[in-house]
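Undergrad: pasting the structure only:
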Ligand code: SAH
């Protein structure tokens, strides 16, 4: 496979040196470095959202999104029998906009708001600082991962978190699964001897990894994958889900995850979805290392399987359009528009359309709800 040119960055040099020293880099390690390298990782150096950033997320599009999630929080709290105290946990809170909107809305239930502590799980110190500014005065505690969350009944939300977790790609080559790896390609040295990078078929999957895939796609038994089929899986999403479900099992509560992806059976899920985005446009995976966002479609089926194995209950996966419509987003929009100026009306209408229109986010984004009594 031909290599792809790399615009030299401090992080591309680190990655190339690592490969030179230690050999091919598993795709998940490449992705983890691009997004989470402590100094140069994409999420460590900038707020990536908004018109000037690289992408825009639902809470940044319209306040309507956070308002509907606040309704979910209030409904589930009631159904849970109003546990005291209650933790509101957000995983990967970005700029903190979603939590700000939720907090504003649950003000209509003072009995709930006075019981709530907010816990944010965020690995980027830079984004933690921005969240601190957005959420000044709120009872917030930050965590780098979920292992330090206090043991209490919890409502947990995550918008566009799973799509940022590293994935692996396996390729079915000569009747066996092999890992895909990032290598240096000597065919395209650039100025300053800067090598290009490419993705290649690496070694056969170890038996542990093969078992991991086998577990995710139990139904592979009934088919033979086509030669060169690519299968994406995310061990890090699986271990996050395992840990979170263990937490819910211990403490009771619910988890609402919204992300772009699908809930189809794993075996229907061959193909590559890993993509890089720079300034609202897709770009080459290696083009802007550390300066482009990397994401992959979230496979909800394995997450549901893990939740079920942990004794949690999953509601059928809904599209974002179905979920927001059920929560009454159209009625809320109408009410806001009735009291809005012309400019605000336009913003509300276009925001609503972006969130629920099937050609925009409405069908691509899915909503997973996990419950544990
Ligand atoms: N939920 C926000 C931001 C989504 S972007 C919104 O909808 O606008 C992904 C977020 O997850 C960022 O805040 C990023 O820093 C955080 N994140 C990504 N990987 C993480 C990890 N492994 N641990 C903790 N936070 C992570």
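TA: Okay, I see it. Small disclaimer: the values here were computed from a predicted structure and weren't measured.
Undergrad: how would you label residue 203: helix, strand or coil?
TA: Using DSSP: H, G, I helix; E, B strand; the rest coil, the structure places residue 203 in strand.
Undergrad: burial measure for it, as a count.
TA: Neighbours of residue 203 under the rule other CB atoms under 10 Å: 9. All C-beta spots, glycine's among them, are computed from the backbone N, C-alpha and C.
Undergrad: what do you get for the one 4 residues further on?
TA: In terms of burial, residue 207 registers 9 neighbours under the definition other CB under 10 Å.
Undergrad: For my notes, confirm residue 30 occurs in a helix.
TA: Yes. The assignment for residue 30 (three-state DSSP) places it in a helix.
Undergrad: Any chance you could list what contacts the lowest-mean-pLDDT helix or strand in the chain?
TA: Every helix and strand in the chain was compared by mean pLDDT, DSSP states H and E; the lowest is helix 207-216, with a mean of 75. Applying CB atoms under 8 Å, 6 or more residues apart in numbering, the external contacts of helix 207-216 come out as 168, 170, 177, 179, 205, 220, 231, 233, 235, 238, 266, 299, 302, 305.
Undergrad: Reformat those residues into a markdown table and put neighbour count and secondary structure next to each item.
TA: Putting the contacts of helix 207-216 into a markdown table (neighbours: other CB atoms under 10 Å; DSSP: H, G, I helix; E, B strand; the rest coil) gives the following:
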| residue | neighbour count | secondary structure |
| --- | --- | --- |
| 168 | 23 | strand |
| 170 | 25 | strand |
| 177 | 18 | strand |
| 179 | 20 | strand |
| 205 | 19 | coil |
| 220 | 16 | helix |
| 231 | 23 | strand |
| 233 | 23 | strand |
| 235 | 17 | helix |
| 238 | 19 | helix |
| 266 | 19 | helix |
| 299 | 26 | strand |
| 302 | 20 | helix |
| 305 | 17 | helix |
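Undergrad: filter those by proximity to the ligand?
TA: With CB under 6 Å from any ligand atom as the criterion, no member of the contacts of helix 207-216 is in contact with the ligand.
Undergrad: And those, which is closest to residue 259?
TA: Nearest to residue 259, judged by CB to CB, of the contacts of helix 207-216 is residue 299 at 10.0 Å.
Undergrad: Verify the contact between that closest one and residue 269 for me.
TA: Yes. Applying CB atoms under 8 Å as the test, residue 299 and residue 269 come out as touching, 6.2 Å apart.
Undergrad: Spit out the residues that contact these two alike.
TA: Counting by CB under 8 Å, 6+ apart, the common neighbours of residue 299 and residue 269 are 232, 262.
Undergrad: hmm, which two among the contacts of helix 207-216 are most spread apart?
TA: Maximum distance among the contacts of helix 207-216 (CB to CB): 22.0 Å, for 179 and 305.
Undergrad: now the contacts of helix 207-216 in JSON lines, with distance to residue 276 and pLDDT?
TA: Shown next, in JSON lines, are these (distance: CB to CB, whole Å; pLDDT from 0 to 100):
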{"residue": "168", "distance to residue 276": "17", "pLDDT": "95"}
{"residue": "170", "distance to residue 276": "20", "pLDDT": "93"}
{"residue": "177", "distance to residue 276": "25", "pLDDT": "89"}
{"residue": "179", "distance to residue 276": "20", "pLDDT": "94"}
{"residue": "205", "distance to residue 276": "25", "pLDDT": "90"}
{"residue": "220", "distance to residue 276": "29", "pLDDT": "47"}
{"residue": "231", "distance to residue 276": "20", "pLDDT": "90"}
{"residue": "233", "distance to residue 276": "19", "pLDDT": "91"}
{"residue": "235", "distance to residue 276": "21", "pLDDT": "91"}
{"residue": "238", "distance to residue 276": "23", "pLDDT": "93"}
{"residue": "266", "distance to residue 276": "24", "pLDDT": "64"}
{"residue": "299", "distance to residue 276": "19", "pLDDT": "92"}
{"residue": "302", "distance to residue 276": "23", "pLDDT": "89"}
{"residue": "305", "distance to residue 276": "29", "pLDDT": "90"}
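Undergrad: Save these as a markdown table, and put in distance to residue 113 too.
TA: Converted to a markdown table, the contacts of helix 207-216 look like this (distance: CB to CB, whole Å):
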| residue | distance to residue 113 |
| --- | --- |
| 168 | 42 |
| 170 | 47 |
| 177 | 50 |
| 179 | 48 |
| 205 | 49 |
| 220 | 48 |
| 231 | 45 |
| 233 | 40 |
| 235 | 38 |
| 238 | 34 |
| 266 | 41 |
| 299 | 36 |
| 302 | 35 |
| 305 | 35 |
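Undergrad: now the stretch 251-373 of the chain, which segments are flagged as low pLDDT?
TA: 266-268 (pLDDT under 70).
Undergrad: Thanks again, I'm all set now.
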